[in-house]
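Participant: Quick one, fold the following:
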Amino acid sequence: MGYRIAVVGATGNVGREMLNILAEREFPVDEIAALASRRSLGTEVSFGDRTLKTQDLDTFDFTGWDIALFAIGSDATRIYAPKAAKAGCVVIDNSSLYRYDPDVPLVVPEVNAQAVDGYARKNIIANPNCSTAQMVVALKPLHDRARIKRVVVSTYQSVSGSGKDGIDELWDQTKAVYNPTDDYQAKVYPKQIAFNVIPHIDVFMEDGQTKEEWKMVAETKKIVDPVIKVTATCVRVPVFVGHAEAINIEFEDHLDEAEARDILREAPGIMVIDKREDGGYVTPIECVGDFATFISRIRQDPTIDNGINLWCVSDNLRKGAALNAVQIAETLGQRVLKKG
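Facilitator: Below is the predicted model:
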């Protein structure tokens, strides 16, 4: 016996990836529903070798459904997630709405799979921010060995993190640069994204951080360890898919780069590609479509007593969103629901 699964926001980038990954990983599905807003009603989406027509989220009855993977914004999630949860369907939410709720587990299965057990308080599990998800996969095994004191991270985040509109803006602006008759103004981003980088993701907060930077701090503490100090600078770059991060880690105990490399090679969800030669590292374009979080450029930081630098790359539509949500569903099934 398998699961009855609903994918909410099935026509968006992340929703489509959720359907792809459910099929690729052969998740035990008995029945699947692709849900979207009324304006997308009847749109066809792929699920393995099947084609699904989207149903109306507004009128959908979640009673009798096991899991709903939500890939819609916080405003819509605020309306529909409680309805699904009240109907007995476990919600796995990709928005930021429930991430900081103490009654909602925030889960990256390679890091804190046991947190899934707390889902029943609200029947909701939160998926972390894309930039946090890949980073904590790398931090956790190192933290278990040498205890992390402080993390300094700079991100290089692709435009797909802003959804289809971000992808379209980069594409249209790039074409406009080469065709002077086109005049394409910035709409999604505050400045031109084509051939540029923008040190601004989400809204600014009173202390000068952006909300994206604050998310990385708060979520790392909730997922890994509240005592870890984190400071982040989040930057949007003209890349379609794939987030990269330069991470500096300070430990309580000494950890040399060779041992760090060995630990990461054995850690779940990680692929180490770290050759000290031209091209001996992974870039965003190479990670697209892959499940792994790739680690390269592992080296000692000689400016502090117990420091390591590394480069972390992952497909933000997969590990940063859809893959992690499906992995949470798998973990929930194995630990709690036990069907399939």
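Participant: I figured V224 hits L142, correct?
Facilitator: No - here V224 does not reach L142: they are 10.1 Å apart, not a contact under C-beta atoms under 8 Å. For every residue, glycine as well, the C-beta is placed using N, CA and C.
Participant: Mind listing the shared neighbours of the two?
Facilitator: Shared between the contact lists of V224 and L142 (criterion: C-beta atoms under 8 Å, 6 or more residues apart in numbering) are residues I148.
Participant: How much space separates E17 from L97?
Facilitator: In this view, E17 and L97 are 20 Å apart by C-beta to C-beta, to the nearest Å.
Participant: For those two, indicate the residue with more neighbours.
Facilitator: More neighbours surround E17 than the other of E17 and L97, with 24 against 20 (other C-beta atoms under 10 Å).
Participant: Assign a three-state SS to the more buried one, would you?
Facilitator: Secondary structure, DSSP: H, G, I helix; E, B strand; the rest coil: E17 is helix.
Participant: which ones are touching it?
Facilitator: Contacts of E17 were listed using C-beta under 8 Å, 6+ apart, and they are L317, R318, A321, A322, L323.
Participant: okay, now the first one: neighbour count?
Facilitator: As a burial measure, the neighbour count of L317 was computed by other C-beta under 10 Å and equals 25.
Participant: do you know how far it is from D165?
Facilitator: Computed with C-beta to C-beta, the distance linking L317 and D165 is 15 Å.
Participant: D61 is in what secondary structure piece?
Facilitator: Using DSSP states H and E, D61 is not contained in any helix or strand.
Participant: Tell me if I'm right that it and C89 touch.
Facilitator: No - the pair D61 / C89 is not scored as a contact, 9.8 Å apart, by C-beta under 8 Å.
Participant: okay, the two: which has more neighbours?
Facilitator: C89 (21 against 10).
Participant: contacting residues for that one?
Facilitator: A6, F62, T63, W65, D66, I67, A68, N123.
Participant: try 10 Å this time
Facilitator: C89 is in contact with 4-6, 61-68, 81, 83, 123, counting by C-beta atoms under 10 Å, 6 or more residues apart in numbering.
Participant: ok, of those residues, which come out buried?
Facilitator: R4, I5, A6, F62, W65, D66, I67, A68, A81, N123 (16 or more other C-beta atoms under 10 Å).
Participant: Could you list which of the residues you listed belong to helices?
Facilitator: Counting by DSSP state H, the buried ones among the contacts of C89 place A81 in helices.
Participant: Show me the two of the buried ones among the contacts of C89 that sit farthest apart.
Facilitator: The span of these, defined through C-beta to C-beta, is set by R4 and A81 at 17.0 Å.
Participant: Look up the closest residue to Q157, ignoring the ones flanking it.
Facilitator: Distances taken as C-beta to C-beta, 6 or more residues apart in numbering place H243 nearest to Q157, at 4.8 Å, with adjacent residues excluded.
Participant: what does K83 give?
Facilitator: Excluding the flanking residues, the one nearest K83 by C-beta to C-beta, 6+ apart is F62, at 6.6 Å.
Participant: Run through the protein and note the low-pLDDT ranges.
Facilitator: Flagging of the chain using pLDDT under 70 yields the residue ranges 340.
Participant: all helices of it, in order?
Facilitator: For the chain, helices defined by DSSP H occupy the ranges 13-24, 74-86, 109-112, 130-146, 164-178, 211-223, 257-266, 284-287, 323-332.
Participant: Same list, those, but as CSV with distance to N248 please.
Facilitator: As requested, the helices of the chain are exported to CSV (distance: least, C-beta to C-beta, whole Å):
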stretch, distance to N248
helix 13-24, 29
helix 74-86, 31
helix 109-112, 20
helix 130-146, 12
helix 164-178, 28
helix 211-223, 14
helix 257-266, 13
helix 284-287, 20
helix 323-332, 24
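Participant: Out of the ones you listed, flag the one nearest P238.
Facilitator: P238 sits nearest to helix 164-178 of all these, at 5.6 Å, using C-beta to C-beta.
Participant: For that closest one, name the packing helices and strands.
Facilitator: Contacts defined by 3 or more C-beta pairs under 10 Å, 6 or more residues apart in numbering; DSSP states H and E place helix 164-178 against helix 13-24.
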